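Participant: task: produce atomic coordinates for the following.
(3 chains)
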Amino acid sequence: MAKQKNYWLLKTEPECYSIDDLAAEPNKTTFWDGVRNYQARNYLRDQMKKGDEVFFYHSNADPPAIVGVATVVKEGYPDFTAFDPNEKHYDAKSKQSEPTWMMVDIKFKRKFKRPLGLTELRELKELKDMELLRQGSRLSVQPVRPKEFETILKLALA
DNA sequence: GCCAACGTTGGC
DNA sequence: GCCAACGTTGGC
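Facilitator: Predicted structure coming up:
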């Protein structure tokens, strides 16, 4: 049986790392560091697989929006930024021998012609169960259903 | 800048 | 193991 592809959404503040940073050159990759939430960590560690596609989401932006797509190119491995006291997301409790936090590598795939803002996404009834649109949703790594991924891609290309 | 919704921490 | 206090996220 063919490997099933999963879909995800990664949040970032564009001030910190934006789609344009990732789109700076073709096939650019980056490590997705700084996730310090256990549920999000579990997704990164256990479920995100090479070849999975991820939506790139700008939070704390105007407008907050899905802005593009990336591909997972390296599966979960220790987030080494947690070991460095000079890093913003340093965590003294995460040990090299027993890392608490994980990250993946992603590769730029495409930037949408226009950002798909939250307001616009909320208008689609196909997306009414989407994690991103749930009230109080704060997860920075979230699963996206194939149907939702398809709906959003279609909207982006329309 | 406000604040609701969460997650985490720590006293008990 | 409960839960109040506190810190953070992130839309508005």
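
Participant: select the longest strand from chain A.
Facilitator: Longest strand in chain A, counting residues (DSSP state E): strand A:102-117.

Participant: spatially nearest residue to A:Asn37 (excluding sequence neighbours)?
Facilitator: A:Ser140 (6.4 Å; Cβ to Cβ, 6 or more residues apart in numbering). Heads up, the C-betas are built off the backbone N, CA and C, glycines and all.

Participant: in this structure the one you found contacts A:Gln39, no?
Facilitator: No. Using Cβ atoms under 8 Å, A:Ser140 is not in contact with A:Gln39, being 9.5 Å away.

Participant: which of those two has more neighbours?
Facilitator: Comparing A:Ser140 with A:Gln39 by neighbour count (other Cβ atoms under 10 Å), the higher total belongs to A:Ser140, at 21 against 13.

Participant: that one and A:Tyr38, how far apart?
Facilitator: Separation of A:Ser140 from A:Tyr38 (Cβ to Cβ, to the nearest Å): 12 Å.

Participant: just to revisit the earlier point, show me what contacts the residue nearest to A:Asn37?
Facilitator: By Cβ atoms under 8 Å, 6 or more residues apart in numbering, the residues touching A:Ser140 are A:10-12, A:35, A:37, A:40.
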